[in-house]
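[1] sequence unavailable; structure follows:
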């Protein structure tokens, strides 16, 4: 028999997952998510995903005479270190020191949308940024935000970036 939630379990703070790639829209998403955690008491997890360089993805192709020999990746190639530094820099750039300290920072090798979706299991909210493009294209989501909104296990907030609206340099905050 199920029991009714107690006031303690009903108000227990959750977790907000925000996708960060260092772009201005992702920094705006991080700021929005930090403000939301201040209101709800939720924990904030910033997620940055990185992938292997494009040529490494060709490893499964059969060798054909017309394809050039692909260089092997060096054994000491460190992609996670720069990704961790980029995420830390994004967090400290977007948030004042007292807000940046409690942010959990997660770096994942893989597709950005899938990394966010994987980390969002059990989360109460996902926040992603999207670059504005102006005119009709401004209504479109980017590939990561589109995939996340379609497959999210929880509600998603998409924070729009700023787009130039005319050649005269007029800006509109989206």
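    Noted; the coordinates are in hand. Predicted, not measured: the structure shown is a model, and the values here were computed from it.
[2] ok, then the element right after the host helix or strand of residue 148?
    Following DSSP states H and E, one finds residue 148 within helix 143-151. Counting by DSSP H and E, the next helix or strand C-terminal to helix 143-151 is strand 156-160.
[3] tell me the angle the longest helix anywhere in the chain makes with strand 156-160.
    Criterion DSSP state H: the longest helix present in the chain is helix 24-40. Counting by axes from the mean of the first three to the mean of the last three CA atoms, to 10 degrees, helix 24-40 lies at 130 degrees to strand 156-160.
[4] buried set for helix 24-40?
    Going by neighbour count (16 or more other CB atoms under 10 Å), the buried part of helix 24-40 is 25, 26, 27, 28, 29, 30, 31, 32, 33, 34, 36, 37. (C-beta placed from N, C-alpha, C; glycine too.)
[5] distance check, the first one against residue 81.
    Looking back up the chat, that one is residue 25. Distance of residue 25 to residue 81, computed by CB to CB, to the nearest Å: 25 Å.
[6] contacts for the longest helix of the chain, please.
    Helix 24-40 is contacted from outside by 13-14, 16, 18-20, 42-44, 46, 90-91, 93-95, 99, 103, 124-125, 127-132, 157, 159-162, using CB atoms under 8 Å, 6 or more residues apart in numbering.
[7] list buried residues within those residues.
    Buried among the contacts of helix 24-40 (16+ other CB under 10 Å): 16, 18-20, 42-44, 46, 90-91, 94-95, 99, 103, 124-125, 127-132, 157, 159-161.
[8] sheet partners, orientation included, of the strand ranked longest in the chain?
    Secondary structure of the chain per DSSP state E: the longest strand is strand 43-50. Using DSSP bridges, the strands paired with strand 43-50 are strand 15-19 (parallel), strand 104-109 (parallel).
[9] closest one to residue 52 out of the buried residues of helix 24-40, please.
    Distances from residue 52 to those, taken as CB to CB, are shortest for residue 26 (21.0 Å).
[10] quick one, grab the pLDDT at the closest one.
    Note on residue 26: pLDDT of 95.
[11] now do residue 97
    Reported pLDDT for residue 97: 87.
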